[in-house]
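Novice: sequence first, then the predicted structure:
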Amino acid sequence: MTSEREDILWRESHQAGPEARAVDQSLRVDLLVVGAGFTGCSAALEGAQLGASVAVLEANTIGHGGSGRNVGLVNAGLWLPPDDIVKHLGETVGAHLVNVLSRAPDAVFQLIKDHAIDCEATRNGTLHLAHAPSGLDELKRRFQQGNRSGAPVVLLDAEETERRTGSTAFFGSLFDPRAGTIQPLAYVRGLARAAQSAGAQIFEHSAVQKIRRVDDIWVADVNGHQVRARYLLVATNAYASRLGPYSKPEFVPVYYSQFATAPLSEAQRETILPGGEGCWDTDMVMSSVRVDTEGRVIVGGVGNVTGGLGAVHRTWAARKLAQIYPELSGAAFEHSWSGAIAMTANHLPKVQSIGPDGLSVFGFSGRGIGPGTVFGKCAVQAMLSGDMTRVPVPITDTYREGFKVARTAYFELGAGVAHALNRFRGGRPRRV
């Protein structure tokens, strides 16, 4: 099978990012950040605001990786419900992480406000959609856990879900008023611009060849020059490579693809997600649907549209769109793209010590916007203050993931099979 061409909507629907040159001379700073995504740019902004001199090294362009390919849902928490987080981390640490990330949307939207970031921010909540009766049972479990932890989530029946989505395909939903949607590439570019305004230096097309410790200082080789720093934060997440003597972050790369239509007509916009909530469903092979501020419908699902099964995923997306919104049957997709997710076995983010005054943050498992923003800020606060309790998860010296290549293939092939079998649903609404 042939792969599909990538055409990322977010790069075309927003103004260019801030100016950032390539490293062309050696320099020394207090804090070196590798990776200019949500985590890296949030860290750079926080470090600069705390008075540190900061340099960010990005191998490509700001937001080139997962941050600029994201769905754009600003959710609270993680994929795991609160009780599962506590089960993995223990009562004290788990409850603290739940509390910190319950406020992640507040942190994101406050940054957007404080720095006047133009990123199509819409805070009308998100809907977790029940794709089947079993999915509704799962949402009831999440509703009960969320309420116990203080989350203001609301369980909606099928009729209210239909009113909010404009679709009869779902059996109910879980509404989270804390959440919202953004244009993710515009957001990360805005964070970068704010970091620059605070004094941080951000360099594009500056791939790090090697990082090492020399006389208690971190030294990064880049473009034939050296960047020296006391503190180091590696924030490359799913786009990581081995850079130094420390262990490369270990995770399972899982690909997620999105497909965007042309803008809807005014009449269609009145009925299809009229409130602008971002949505994802409870299906085993998850999918998402949202509209942007121009009225484009964006359907997403697990799988790599630029890989060998790209045609399968594209055909599935067209069927999925018609199943949710029969009135859009046959609508063409003007944009399609994919991005990599750093998935961990327990779906929890990891913070790994990579040496004195050095941390690596990764493994957001599909929840990059809120947690990435928060973890970038917390990691820098911890390093600059020396108080590692500011990081909301335990810091590990090593982290291992088994069978990474096999599990990536499993996710991709599994998504391909599920998307191929989806045609037997016949495109009919599932709720009758």
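Specialist: Arrived safely.

Novice: show me where this protein has helices.
Specialist: Ranges of helices in the chain, per DSSP state H, are 9-12, 38-49, 82-89, 91-102, 104-114, 133-148, 158-165, 184-197, 266-269, 310-324, 369-385, 404-421.

Novice: tell me the most buried of the ones you listed?
Specialist: Among these, helix 38-49 has the highest mean neighbour count (mean count of other C-beta atoms under 10 Å), at a mean of 29. All C-beta atoms are positioned from the backbone trio N, CA, C, and that covers glycine.

Novice: show me what it is packed up against.
Specialist: Identification of packing neighbours for helix 38-49 by 3 or more C-beta pairs under 8 Å, 6 or more residues apart in numbering; DSSP states H and E yields strand 27-34, strand 54-57, helix 184-197, helix 369-385.

Novice: wait, which of the ones you listed is closest to residue 225?
Specialist: Between residue 225 and the helices and strands packed on helix 38-49, the shortest separation by C-beta to C-beta is 7.8 Å, and it involves strand 27-34.

Novice: against which helices or strands is that closest one packed?
Specialist: helix 38-49, strand 54-57, strand 217-222, strand 225-234, helix 369-385.

Novice: quick one: the ones you listed as CSV, columns for mean pLDDT and distance to residue 77 too.
Specialist: Output for these, formatted as CSV (pLDDT from 0 to 100; distance: least, C-beta to C-beta, whole Å):
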stretch, mean pLDDT, distance to residue 77
helix 38-49, 99, 16
strand 54-57, 99, 27
strand 217-222, 97, 33
strand 225-234, 98, 23
helix 369-385, 98, 8
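
Novice: out of those, the one nearest residue 98 is which?
Specialist: helix 369-385 (11.8 Å).

Novice: got the angle for the closest one vs strand 225-234?
Specialist: 110 degrees (axes from the mean of the first three to the mean of the last three C-alpha atoms, to 10 degrees).

Novice: now helix 369-385: how far from the chain's centre is it?
Specialist: 15 Å (C-alpha atoms, centre = their mean, to the nearest Å).

Novice: helices or strands up against that helix?
Specialist: Secondary elements touching helix 369-385 (3+ C-beta pairs under 8 Å, 6+ apart): strand 27-34, helix 38-49, strand 73-74, helix 91-102, helix 104-114, helix 184-197, strand 225-234, strand 358-362.

Novice: ok, which of the helices and strands packed on helix 38-49 comes nearest residue 252?
Specialist: With C-beta to C-beta as the criterion, residue 252 lies closest to helix 369-385 of the helices and strands packed on helix 38-49, at 17.3 Å.

Novice: quick one: the helices and strands packed on strand 27-34 as TSV, columns for distance to residue 271 too.
Specialist: TSV is the format used below for the helices and strands packed on strand 27-34 (distance: least, C-beta to C-beta, whole Å):
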stretch	distance to residue 271
helix 38-49	33
strand 54-57	43
strand 217-222	51
strand 225-234	45
helix 369-385	28
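
Novice: tell me which of these lies nearest to residue 264.
Specialist: helix 369-385 (24.5 Å).

Novice: just want the angle from the closest one to helix 104-114.
Specialist: Using the same axes, to 10 degrees: helix 369-385 against helix 104-114 is 80 degrees.

Novice: got the angle for helix 369-385 vs helix 38-49?
Specialist: On the basis of the same axes, to 10 degrees, helix 369-385 is oriented at 40 degrees to helix 38-49.

Novice: please report phi then psi for the residue nearest to residue 106 when sequence neighbours are not counted.
Specialist: Of all residues not flanking residue 106 in the chain, residue 178 sits nearest, at 7.4 Å (C-beta to C-beta, 6 or more residues apart in numbering). Residue 178 adopts backbone torsions of phi -70, psi -20, taken as degrees, to the nearest 10.

Novice: residue 178 contacts residue 154, correct?
Specialist: No: the criterion here is C-beta atoms under 8 Å, and residue 178 misses it with residue 154 at 11.2 Å.

Novice: gap between residue 124 and residue 308?
Specialist: 38 Å (C-beta to C-beta, to the nearest Å).

Novice: ditto for residue 122
Specialist: Counting by C-beta to C-beta, the gap from residue 122 to residue 308 is 36 Å.

Novice: ok, and what's touching stretch 92-112?
Specialist: When contacts are defined by C-beta atoms under 8 Å, 6 or more residues apart in numbering, stretch 92-112 is touched by residues 42, 45, 74-78, 82, 85-89, 117, 119, 121, 123, 149-151, 178-180, 182, 187, 190-191, 194, 369-371, 373-374, 377-378, 392-394.

Novice: out of the helices of the chain, nearest to residue 221?
Specialist: helix 38-49 (18.5 Å).

Novice: for residue 299, what are its contacts?
Specialist: By C-beta under 8 Å, 6+ apart, the neighbours of residue 299 are 258-259, 287-289, 317, 320-321, 324.

Novice: could the helices and strands packed on helix 369-385 be laid out in CSV, adding distance to residue 337?
Specialist: Formatted as CSV, the helices and strands packed on helix 369-385 follow (distance: least, C-beta to C-beta, whole Å):
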stretch, distance to residue 337
strand 27-34, 24
helix 38-49, 17
strand 73-74, 16
helix 91-102, 27
helix 104-114, 22
helix 184-197, 11
strand 225-234, 25
strand 358-362, 22
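
Novice: could you list the low-confidence segments of the chain?
Specialist: Within the chain, the stretches with pLDDT under 70 are 1-5, 247, 402-404, 406-407, 409-416, 419-420, 422-432.
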